[in-house]
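Participant: No sequence on hand, only this structure:
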């Protein structure tokens, strides 16, 4: 009997842990199963984009949905939200991370919620007590939701020490989080439900609340610092530093955290990319020395979790190509009839030098005109790349790296004069 009791306890414990967390991206087209949401179900739909969308058309109303969720401590909450209106004191959304009751409108309901909007047009974290008292515990930046279309990815973390952190990404992608603030609060340590409560006024706000990619999971602290992946020369005085994860805005933009060998020193500016938060653009006061292996050293750059990179090192070189450093290695001028290759014209380039070369801005040309500039592509020493039209890239990629240009020069089957020009205007090969 003891053996069977232990097995039963094990499975009950496993069931409880599985039930404590949940995800819902509404790809099943409903909110009635896996998981089951309850509340004002007539006021919600799953739209054709497979997002949870409000469907209430009553002025000056409140309505909600909630689902079972027992995870309350050492937890992480993530969700996408799109409020396609300018928020106000009568138009906002409360997303309950923890709630003691399924009915989010009950005065006695307790828990924590993120309010998106309200009078100050902010994203803030609140605690609701059994008396009905609502207390703001993280005060977000005023004016954040003062736009006609708020696309947001929200993340809330509660550590084992009951430290709450509220972050938001205004791109909605989850790649560029900004921290609204942190606070320690251990008032409530249990939960029964997760839910969404909408407050709306006039018809201008009807059916304009969208939610997706909801995930509640145990919080696993990130203790690994970021790593520097590569340094790519963009121009004679600019280098792009790429990290393996999103980096903290302030430390990433501290120019003194970077240094280049051979007397180059620190950049005059460091700017984190507006879209890719793992990428930092470094600008130096003078041109980099050419045809010398350089080392970029990074100290003090943090990731979003606050882990600091020290003595991160990556090597790179700035190389001004001379004649024949890159050559037109192969030409496909007459692909018809097809024999083992796609029906497309292309040329292949080879890097004959001992240095990697960025082909950004290079052009293919002939006496009748030139292609558009090539995109950023690092052609390694001794490496090859196929250049073709955009439509030909998928069929040619199995044969090797391929990049596209617009206005690819049409190759005359009976003979033609084609050349390769560097961004400096030098004919490298023809």
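Facilitator: Alright, I've got the coordinates. Just so it is clear, the structure is predicted and the values come from calculations on it, not from any experiment.
Participant: List phi and psi for residue 392.
Facilitator: phi -90, psi -10 (degrees, to the nearest 10).
Participant: For it, which non-adjacent residue is spatially closest?
Facilitator: Once flanking residues are discounted, residue 392 sits nearest to residue 344: 3.7 Å by C-beta to C-beta, 6 or more residues apart in numbering. Every C-beta, even on glycine, is put in place using the N, C-alpha and C of the backbone.
Participant: Check whether residue 80 really touches residue 152, as I assumed.
Facilitator: Yes - between residue 80 and residue 152 there is a contact under C-beta atoms under 8 Å: 7.1 Å.
Participant: Please enumerate the shared neighbours of these two.
Facilitator: residue 172 (C-beta atoms under 8 Å, 6 or more residues apart in numbering).
Participant: What segments of the stretch 201-350 of the chain are helices?
Facilitator: For the stretch 201-350 of the chain, the helices defined by DSSP state H, counting those that start in this stretch cover 249-252.
Participant: where along it do the strands fall?
Facilitator: 209-218, 228-235, 238-243, 258-260, 269-272, 279-283, 292-298, 301-302, 308-309, 312-318, 326-332, 346-351 (DSSP state E, counting those that start in this stretch).
Participant: List the pairing partners of the fifth one within its sheet, with orientation.
Facilitator: Think strand 269-272. Partners of strand 269-272 in the sheet, by DSSP bridges, are strand 279-283 (antiparallel).
Participant: Kindly report the same for the third one.
Facilitator: Each strand that pairs with strand 238-243, with its direction, by DSSP bridges: strand 228-235 (antiparallel), strand 279-283 (antiparallel).
Participant: out of those, nearest to residue 191?
Facilitator: strand 279-283 (37.7 Å; C-beta to C-beta).
Participant: got the angle between that closest one and strand 292-298?
Facilitator: Here strand 279-283 points in a direction 120 degrees away from that of strand 292-298 (axes from the mean of the first three to the mean of the last three C-alpha atoms, to 10 degrees).
Participant: Quick one: distance of strand 279-283 to the chain centre.
Facilitator: 17 Å (C-alpha atoms, centre = their mean, to the nearest Å).
Participant: Check stretch 151-170 too.
Facilitator: Counting by C-alpha atoms, centre = their mean, stretch 151-170 comes out at 16 Å from the chain centroid.
Participant: Stretch 294-308 now?
Facilitator: The answer for stretch 294-308 is 19 Å, by C-alpha atoms, centre = their mean.
Participant: Nearest the geometric middle of this protein, what residue?
Facilitator: Closest residue to the average C-alpha location of the chain: residue 175 at 2.6 Å, with C-alpha atoms, centre = their mean.
Participant: For residue 380, which non-adjacent residue is closest in space?
Facilitator: Nearest one to residue 380, counting by C-beta to C-beta, 6+ apart, is residue 356 at 5.0 Å.
Participant: could you list every residue that touches that neighbour?
Facilitator: 316-317, 319, 378-381, 383.
Participant: now those as a markdown table including distance to residue 26 and neighbour count?
Facilitator: Shown next, in a markdown table, are the contacts of residue 356 (distance: C-beta to C-beta, whole Å; neighbours: other C-beta atoms under 10 Å):
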| residue | distance to residue 26 | neighbour count |
| --- | --- | --- |
| 316 | 45 | 21 |
| 317 | 49 | 18 |
| 319 | 50 | 20 |
| 378 | 40 | 17 |
| 379 | 44 | 24 |
| 380 | 44 | 12 |
| 381 | 49 | 14 |
| 383 | 44 | 16 |
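Participant: least confident pick among those?
Facilitator: Within those, the minimum per-residue pLDDT falls on residue 319 (80).
Participant: I'd guessed it sits against residue 378; true?
Facilitator: No - judged on C-beta under 8 Å, residue 319 makes no contact with residue 378 at a distance of 10.9 Å.
Participant: Now list whatever residues contact both of those two.
Facilitator: Contacts common to residue 319 and residue 378, judged by C-beta under 8 Å, 6+ apart, are 356-357.
Participant: what's the distance between residue 39 and residue 421?
Facilitator: Going from residue 39 to residue 421 by C-beta to C-beta, to the nearest Å gives 64 Å.
Participant: Now do the SS call for residue 196.
Facilitator: At residue 196 the chain is in strand, as set by DSSP: H, G, I helix; E, B strand; the rest coil.
Participant: So what's the residue count around it?
Facilitator: For residue 196, the count of nearby residues is 25 (other C-beta atoms under 10 Å).
Participant: Understood, closing this out.
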